[in-house]
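In: structure here, sequence nowhere to be found:
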């Protein structure tokens, strides 16, 4: 007697095959759609459509901000005593009429800080219609001669701008090989003593290792290669107590930390016996 087939038993394998086939085509369809979307995106990217869409969105946002009243109508400037206002506005870029909310503050700050006089800058928004610029300017400390041209530098050796021989003539001149950065430590040490600073006429680089200072009375201060800040402090104290630099001095040698050598004009040279050694130093 043949086995009795249960109702629905023959349909089960068929249903399973149909379900598997459906899933297979669904997966293939999704994969095809993903690939197609990737191809479309690649074509759009290659054609620059994404960039164009982004710029269009930016323009629309800018217009919406301006329409809402967030338009740059004023530029406030603080701290610009030496820096030309036109130079700052040029570095700021086209601001008036632009969207205040979308104005690129950081890029503008970086451009402004590239101006020679500017030590640091801050660019901020003041809603609803103002961009505020605040500057901290460099303080001139010396003039540096480069290939026959004079440049104003601050105490850190940063070049501010070219100058003529008649400008800032009261500042010392950096003489000798080496960039002004090499003089930054000496300039900062000198800047702590106003009375002493005003008497220095030149910083002379010796052997690319140390500095001589030439004073307004033609006296020379020979600084050590290292620890020159302490030597300058000691000399400033000596001047305050005894007005040493007001005397007819030819030179003061501070290279030996244990002994200061001073020679007045017309007096025997106390270092004559060691001159050959001095030249080596």
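Out: Good, I have the coordinates. Predicted, not measured: the structure shown is a model, and the values here were computed from it.
In: quick one: the strands in the stretch 1-150 of the chain?
Out: Using DSSP state E, counting those that start in this stretch, the strands of the stretch 1-150 of the chain run over residues 74-78, 118-126, 130-137, 140-146, 149-154.
In: can you map out the helices along the stretch 1-150 of the chain?
Out: 11-46, 49-67, 85-92, 105-112 (DSSP state H, counting those that start in this stretch).
In: what residues does the last one touch?
Out: It refers to helix 105-112. Under the contact criterion C-beta atoms under 8 Å, 6 or more residues apart in numbering, helix 105-112 has outside partners 88, 91-93, 95, 118, 121-125, 131, 133, 135. Any C-beta I mention is one placed from the backbone N, CA and C, and that applies to glycine too.
In: just the buried members of those residues?
Out: Neighbour-count burial (16 or more other C-beta atoms under 10 Å) applied to the contacts of helix 105-112 gives 88, 91, 92, 95, 118, 121, 123, 131, 133, 135.
In: nearest to residue 173, of those residues?
Out: Using C-beta to C-beta, residue 118 is the member of the buried ones among the contacts of helix 105-112 that lies nearest residue 173, at 24.0 Å.
In: for residue 176, see how far away residue 124 is.
Out: Using C-beta to C-beta, to the nearest Å, we find residue 124 at a distance of 43 Å from residue 176.
In: widest-spaced pair of the contacts of helix 105-112?
Out: 118 and 125 (19.7 Å).
In: per-domain residue ranges of the chain.
Out: 69-137, 140-280 (automatic domain parsing).
In: tabulate those domains (TSV), appending mean pLDDT.
Out: TSV is the format used below for the domains of the chain (pLDDT from 0 to 100):
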stretch	mean pLDDT
domain 69-137	93
domain 140-280	86
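In: circling back: what about the strands of the stretch 1-150 of the chain, which gets the closest to residue 268?
Out: Nearest of the strands of the stretch 1-150 of the chain (C-beta to C-beta): strand 140-146, 34.0 Å.
In: what helices and strands are in contact with the closest one?
Out: Using 3 or more C-beta pairs under 8 Å, 6 or more residues apart in numbering; DSSP states H and E as the contact criterion, the elements in contact with strand 140-146 are strand 149-154, strand 159-163, strand 173-175.
In: take those and write them to TSV, including mean neighbour count and distance to residue 139.
Out: As requested, these are exported to TSV (neighbours: other C-beta atoms under 10 Å; distance: least, C-beta to C-beta, whole Å):
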stretch	mean neighbour count	distance to residue 139
strand 149-154	20	6
strand 159-163	17	9
strand 173-175	21	16
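In: Throw those into a markdown table and include distance to residue 210, thanks.
Out: What follows is the helices and strands packed on strand 140-146, written out as a markdown table (distance: least, C-beta to C-beta, whole Å):
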| stretch | distance to residue 210 |
| --- | --- |
| strand 149-154 | 19 |
| strand 159-163 | 23 |
| strand 173-175 | 13 |
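In: could you pull out the helices for the stretch 151-281 of the chain?
Out: With DSSP H, counting those that start in this stretch, the ranges of helices along the stretch 151-281 of the chain come out as 184-190, 194-197, 228-242, 275-280.
In: how much space separates residue 236 from residue 89?
Out: Taking C-beta to C-beta, one finds residue 236 at 42 Å from residue 89.
In: and those two? which has more neighbours close in?
Out: Neighbours were counted for residue 236 and for residue 89 using other C-beta atoms under 10 Å; residue 236 has more, 19 against 16.
In: residue contacts, the nearest residue to that one once chain neighbours are set aside?
Out: The shortest distance from residue 236 to any non-neighbouring residue, by C-beta to C-beta, 6 or more residues apart in numbering, is to residue 193 (4.0 Å). When contacts are counted by C-beta under 8 Å, 6+ apart, residue 193 touches 232, 233, 236.
In: is residue 125 in a bridge, and if so with what?
Out: Applying DSSP bridges to residue 125 gives these bridge partners: residue 131.
In: I'd say it and residue 102 touch.
Out: No - using C-beta atoms under 8 Å, residue 125 is not in contact with residue 102, being 10.1 Å away.
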